Structures are given as C-alpha cells and as structure tokens.
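# With the input below, show me the fold.
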Amino acid sequence: MSEKKYEDRAVVLDILVQGHPNDPRPIHLREPVLQVLGDTFFTLLEVVPLPGTTFVQQEQVYIGKKAREKVERIRRRIGYEELTTTAKTELAAAIQAVVEKSPERFIDFFNRAGPLTTRFHQLELVPGIGKKLMWAILEEREKGLFADFKDLEKRVKGLSNPSALVAKRIEMELEGEDKYSIFVRPPSKKSSEEEL
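Residues are numbered from 1 along each chain as shown. A predicted model of the protein is given here:
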C-alpha cells in the first residue's frame, strides 16, 4: 500500500475574495482564492472556493480527492513567502490547533527521534531543546515511551509546553529556516502545478 501523498483537510488562513493581490491579471479576470494550511503534511496551498460559499479564518475544510462541499479545486502549492500578511499572522494559531488536535503524531516523534549525525540529534531541531534536555528526554524514553505531552512535560524536568515547541519548529520549517524537515513535507523537484 502506497503512502498517502496529498492533503485531505486544511485550515483556512486567508480569504481573498478578489483573488491574490499579486495576481497580474485585471481584477475582473481574477478568481477568489483561499490560502490554506494542510493538516497532514503542513502544505501551504491556494484553493478556489465553490461559488456562493463562505469561509472564516481558522475554519477546517475538506480538500481531498472525493466530493468537496466548499472547495472547487486546489489551484497550486505555495511557499511561505507567497502568503499574505493576514495568512502569516494566522499561521501560528493554525499550526498550534493542528498539533493539539492530533498530539499522538508529535509524541511519536519524541518516542522515535534518532541521531542525525554523530554529534547532532533530531530532538535538537526542536527550539528550546539543547543537549541537556535531549539527554533527559532520551533517558526518560529508555524507561518507557511517552504517553502524551503532559507525560513528557512531567517526566522531563525543564521542558515546558512541548506542543508549543513543536508548533514553533513547524513554523520554522515552513519559513525555510533550516535544511532539515521533520514535520513539513518539502516541495518536490517538479513544479507546484505538476505536483497537485
């Protein structure tokens, strides 16, 4: 069975009723678009809404392959730099909501993370986790896997609000601040139109 490669659901970051302001076409030729964040691979996308539908920021919408209620089609994959100011403002809250909605995915990272090199561990990619906390996490993990974020925070002294740290890491990956990508699927070598 092949691994799923597309987003089923997304969080609305911005609603551009008159199309993207950077669209070079005249306003009457632009189509409305939504800038959204996929909730599986954290893919940033522009989608075209079905005529007559309304949206609110932070709303979850279905964008999968089956019949969609509110989205006509996925227009293209976009990069962080293509997000509107509003979408960038909404991004942190959207990421945090996704992390809190399915914490088991991210606790699994703490339970399975391994070394990247002989001197650098995956856990150190998470903001706020240095060598000392990394070793504390690994020692506690040896005693038993972490059940959830509360368990992780309780067992590892000095580690506070790990879900927020994970959300910050995801935001950094979307901004392209690091060569390593542990939560966000990087763009393929193909063009964004071919990818979708």
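# residue ranges for the strands of the protein, please.
Counting by DSSP state E, one finds strands in the chain at the ranges 9-16, 33-38, 44-49, 60-62, 71-77.
# so what secondary structure elements neighbour the third one?
If you count contacts as 3 or more Cβ pairs under 8 Å, 6 or more residues apart in numbering; DSSP states H and E, strand 44-49 packs onto strand 33-38, strand 71-77. C-beta coordinates here come from the backbone N, C-alpha and C atoms, glycine included.
# Tell me which residues touch the spatially most central residue of the chain, please.
Nearest to the mean C-alpha position of the chain, by Cα atoms, centre = their mean, lies F42 at 2.7 Å. Contact analysis of F42 by Cβ atoms under 8 Å, 6 or more residues apart in numbering lists I95, V98, I170, E173, L174, F183, V184, R185.
# Please report how far G158 lies from E171.
To E171, G158 is 22 Å away according to Cβ to Cβ, to the nearest Å.
# So this protein: which segments form each domain?
9-89, 102-175 (automatic domain parsing).
# Now render the ones you listed as TSV, adding mean pLDDT.
Converted to TSV, these look like this (pLDDT from 0 to 100):
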stretch	mean pLDDT
domain 9-89	94
domain 102-175	96
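# number of nearby residues for P187?
P187 has 15 neighbours, counted by other Cβ atoms under 10 Å.
# Let me know the closest of the contacts of F42 to R73.
Checking these against R73 with Cβ to Cβ, the nearest one is R185 at 20.2 Å.
# how many other residues sit next to the nearest residue to A94 once chain neighbours are set aside?
Leaving out its chain neighbours, the residue that sits closest to A94 by Cβ to Cβ, 6 or more residues apart in numbering is V11, at 4.2 Å. Neighbour count for V11, taken as other Cβ under 10 Å: 22.
# same question, P49
Neighbour count of P49, defined by other Cβ under 10 Å: 22.
# for it, which residues make a bridge with it?
According to DSSP bridges, the residues that bridge with P49 are V71.
# If I follow the layout properly, it ends up in contact with G19?
No. Between P49 and G19 no contact is recorded; they are 11.5 Å apart, counting by Cβ atoms under 8 Å.
# for the top helix by length along the chain, which positions count as buried?
Using DSSP state H to define each element, the chain has its longest helix at helix 85-101. Across helix 85-101, burial judged by 16 or more other Cβ atoms under 10 Å covers A87, K88, E90, L91, A94, I95, Q96, V98, V99.
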